[in-house]
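Trainee: Quick one, structure for this:
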Amino acid sequence: MLGYHPGVEQQPRLTTASQKGTAHVSTITRLSWRGVGTAATNLLLGMLFFAFAYAHLQQFVATPRVSLLLIVGVEALVAVLVIIRRDADRTHHSVKTWVSTFGGTIGPLLLRPTEAPTDLLVGQVLQVAGFGLQIAAVLSLNRRFGLLPAYRGVKSDGLYGWVRHPLYSAYLLAHVGYLINNTSAYNFAIIVFSTGFQILRIVQEERLLCEYEAYAQYVRRTRWRLIPAIW
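Mentor: Here you go, the predicted model:
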């Protein structure tokens, strides 16, 4: 118990300074680990994207098909967004969020091209539409993008006035188009797998975001999450 003792008035101050120093070191340590985690995530994403792009470009040399270049463009934009993402005011960490984030983000990079000689027009149209919507959503979102559920402010105009997660809608559209032109049981399983995790990701994101009144009001104004008139 601290009390007043003549000649040792500085003792409480020394204790306080020590506590402040410890808290400062602890903050630096957390920031350092955060930086390591971010660097590791970016490195893993970069490696997977390189393997993904290489497989598709190699197949493009053998059979020049638009679908192969479009999917590389879609995933390249995702990779760039992850690397330049803005820091969040609050990020939610849990086993569920890490699993859903990993499945939803990494899953599409496991897609592989087939040896189909040509693309179907409907597949190309869906891919082009998905890619175009993705670019529009990104330009609207700017750097409010991240991997884990986090609050980075509310965007409610443009495509975000139609559905609350237009970027995920664009992914889904582009992936369906890709599957039409690169049909295989493997690709079908990957798209079902990653879409399921994206849906789980949306639910987890909104559980956090709805704690903010601005986002709760946005939810009341914009009914649909992913697909208008469906969900």
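Trainee: what sits against residue 182?
Mentor: 67, 111-114, 116 (Cβ atoms under 8 Å, 6 or more residues apart in numbering). No exception for glycine: its C-beta is placed from N, CA and C like everyone else's.
Trainee: let me fix that: residue 210
Mentor: Residue 210 neighbours (Cβ under 8 Å, 6+ apart): 216, 219.
Trainee: Give me the pLDDT value at it.
Mentor: Residue 210 carries a pLDDT score of 88 in this model.
Trainee: where along the protein do the helices fall?
Mentor: Remark: helices assigned in the chain by DSSP state H are 11-62, 66-84, 95-106, 121-141, 166-181, 185-209, 213-221.
Trainee: Outside of the second one itself, list whatever touches it.
Mentor: Think helix 66-84. By Cβ under 8 Å, 6+ apart, the residues outside helix 66-84 that reach it are 41-42, 45-46, 49, 52-53, 56-57, 59-60, 105, 108-109, 111, 113, 119, 123-124, 127-128, 130-131, 134-135, 138, 143, 145-147, 171, 174, 177-178, 181-182.
Trainee: Equivalent analysis for the shortest one, please.
Mentor: Contact partners of helix 213-221, identified using Cβ under 8 Å, 6+ apart, comprise 151, 154, 156, 164, 206, 209-210.
Trainee: hmm, which of the residues you listed are the buried ones?
Mentor: In the contacts of helix 213-221, burial by neighbour count holds for 151, 154, 164, 206, 209, counting by 16 or more other Cβ atoms under 10 Å.
Trainee: Dump the residues you listed to CSV, plus distance to residue 100.
Mentor: CSV is the format used below for these (distance: Cβ to Cβ, whole Å):
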residue, distance to residue 100
151, 17
154, 22
164, 17
206, 12
209, 15
